[in-house]
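>>> pasting the sequence and the predicted model now:
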Amino acid sequence: MQLTCPHCQFSKEIPAAKLPPEATRVNCPQCKGSFALPVVTAVAENLPRVTCPVCKLEQAEAAACSSCGLIFAKYQTAQHESPAAPALEQRTPLSTQPKAGFWLRLVALMIDGFLIFLMQVVFGLILAFTGSSGFHMGGSLSVLLQLFSLILSLFYWIFFTGYCGQTPGKMLLRIQVVTVDGAPLGYGKAFYREVVGKFISSIILGIGYLMAAFDEQKQGLHDRMAKTYVIKL
């Protein structure tokens, strides 16, 4: 029910169920003036009702909320359009992101290489102290160390790149490997990039790595093969 103050014309919608059945007086919240409250009639109770989705006020059906001023038609339109907004953001091409250059990627590679070297040294010392006298290592332990180094390197590059596109070295320098189409990188593509792609980039005298210094999109040969970029965050 719409109540209007006769003194200052302040108006507000009040749910009919909250109005007392008998006549009484109320004070206007704006001018503090007192006026008689009309008795709720059966006709008023049978009017179409609507509840504002913002302020939750139950009121007579209208184009806008009498309490907060929300326009119901615009609110419903915005609710239908808002789910599409994130999809538009996801379709933004990654080719527009700033790419990490050759030297930045080289520093990240050196950091990762140093970390792998430290883990290999630690494992080698453990083998040296537990498997032979002093630092003298037998043939079997030497093979075991080489096998560990190979597995460690493969696991390091494939796991970190496939999991989040960032090795610890890339995390420190805030760069990341991403696919050109925005799809998740995954361990399969990480294996193809880090093992197959980098092997080919290496055997051609490292030219596959040097391509990142001259390519327009800063892609090495292994990036082109796996369809990836290395972007700045």
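Nice, thanks for sending it over.
>>> longest helix anywhere in this structure?
The residue-count maximum for a helix in the chain (DSSP state H) belongs to helix 102-131.
>>> please point out which parts of it sit buried.
102, 104-105, 107-108, 111-112, 116, 120, 124, 127-128 (16 or more other CB atoms under 10 Å). Where C-beta positions appear, they are placed from N, C-alpha and C, glycine not excepted.
>>> just the helices in this structure please.
Going by DSSP H, the chain shows helices at 42-45, 72-81, 84-90, 102-131, 139-164, 168-173, 186-191, 198-203, 207-214, 221-226.
>>> wait, which of those helices is closest to Lys56?
helix 72-81 (13.3 Å; CB to CB).
>>> model confidence over that closest one, on average?
Average pLDDT, helix 72-81: 69.
>>> for stretch 34-49, same thing?
pLDDT averaged over stretch 34-49 gives 56.
>>> coming back round to it: and the buried residues of helix 102-131, which two are furthest apart?
For those, and using CB to CB, no pair is farther apart than Phe102 and Ala128, which are 37.7 Å apart.
>>> quick check: Glu194 touching Trp157?
Yes. Applying CB atoms under 8 Å as the test, Glu194 and Trp157 come out as touching, 4.1 Å apart.
>>> more crowded one of those two?
Glu194 (24 against 19; other CB atoms under 10 Å).
>>> and the more buried one, what's its pLDDT?
On the pLDDT scale, Glu194 gets 94.
>>> from Cys31, how far out is it?
75 Å (CB to CB, to the nearest Å).
>>> again with Tyr187
71 Å.
>>> span of stretch 157-170 from start to end?
11 Å (CA to CA, to the nearest Å).
>>> for that stretch, which positions count as buried?
157-158, 160-162, 165-167, 169-170.
>>> just stretch 194-212 next, same as before
In stretch 194-212, counting by 16+ other CB under 10 Å, buried: 194, 197-198, 201, 208-209, 211-212.
>>> now for those: which two are most distant?
Distance extremes for the buried residues of stretch 194-212: the farthest pair is Glu194 and Met211 at 16.3 Å, using CB to CB.
>>> what's around Ala64, how many residues?
15.
>>> verify the stated contact: it with Ile71.
Yes. Using CB under 8 Å, Ala64 is in contact with Ile71, at 4.9 Å.
>>> okay, now the domains of this structure?
2-80, 94-232 (automatic domain parsing).
>>> looking at those, which has the lowest confidence?
domain 2-80 (a mean of 68).
>>> list the contacts of the nearest residue to Gln166 once chain neighbours are set aside.
Closest residue to Gln166 apart from its sequence neighbours, by CB to CB, 6 or more residues apart in numbering: Gln176 at 5.1 Å. Neighbouring residues of Gln176 by CB atoms under 8 Å, 6 or more residues apart in numbering: 164-166, 170, 230-231, 233.
>>> tell me the one among those nearest to Ser11.
Nearest to Ser11 among the contacts of Gln176, with distances taken as CB to CB, is Leu233, at 53.6 Å.
>>> next, count neighbours for the closest residue to that closest one other than its chain neighbours.
Leaving aside its chain neighbours, Leu233 sits nearest to Arg174 (4.5 Å; criterion: CB to CB, 6+ apart). The tally of other residues near Arg174 (other CB under 10 Å) stands at 13.
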